[in-house]
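This is the structure alone, sequence omitted:
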């Protein structure tokens, strides 16, 4: 009978064994949840970065096509000056104005709205349209010139510097930023 009592007393778990088991289980679950949440944030940041890159790529491609097709403003139609291809402007926070191949006056500039999102704007013969999405803040937009003077022997080039930030998410670590610089020259020789 004494043997039976000893065996039956060893059938269960002690309170300390249960607490240790639960603690190990909770630590494993917490580590798994942290890994899962971290993976979701990484994926969200990658998707936002891709969206930012797509939007900036579209904007620069649109601007590049238009700037490549610019022509000399022979009659000062666009207010650039006779014989010039491009002119920097003070509209918004600075931009570029030119005459396109159809004789329309185009201008690209950054809006100055500091209360909300700063966007890139295109103005075609006075009608304006936004080039960037509402989730994209254009932090900086600068234009540099080369070969813009009338009578020079250089092919006109436009260098664009653009810094943009995706602001869809309120967390700063989920607001990717991109800085891009590109140089565009006219398609037709400037003769």
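Good, I have the coordinates. Just so we're clear, the structure is a prediction, and the values are computed from it rather than from any experiment.

switch to C-alpha atoms for all contacts and neighbour counts from now on
Will do.

which strands and helices sit next to the longest helix seen in the chain?
Criterion DSSP state H: the longest helix present in the chain is helix 15-68. Judged by 3 or more CA pairs under 8 Å, 6 or more residues apart in numbering; DSSP states H and E, the packing partners of helix 15-68 are strand 157-166, strand 177-185.

Residue 148 is nearest to which of those strands?
Smallest distance to residue 148 across the helices and strands packed on helix 15-68 (CA to CA): 7.5 Å, for strand 157-166.

Quick one: mean pLDDT over the closest one.
The average pLDDT for strand 157-166 rounds to 90.

For that strand, give me every contacting residue.
48-49, 52, 56, 67, 135-148, 175-186 (CA atoms under 8 Å, 6 or more residues apart in numbering).

Leaving out the residues flanking it, which one is nearest to the residue nearest in space to the middle of the chain?
What sits nearest the mean C-alpha location of the chain, by CA atoms, centre = their mean, is residue 52, with 3.7 Å. Nearest in space to residue 52, with sequence neighbours left out and distances taken as CA to CA, 6 or more residues apart in numbering, is residue 166 at 6.0 Å.

coming back round to it: following the longest helix of the chain in sequence, what is the next regular element?
strand 86-89 (DSSP states H and E).

Show me what that following strand is packed up against.
Using 3+ CA pairs under 8 Å, 6+ apart, strand 86-89 sits against strand 95-99.

Just list what the strand it packs on packs against, helices and strands only.
Applying 3+ CA pairs under 8 Å, 6+ apart, we find strand 95-99 packed against strand 86-89, strand 105-110, strand 136-146.

most tightly surrounded among these?
Most buried of those by mean neighbour count (mean count of other CA atoms under 10 Å) is strand 105-110; its value is a mean of 24.
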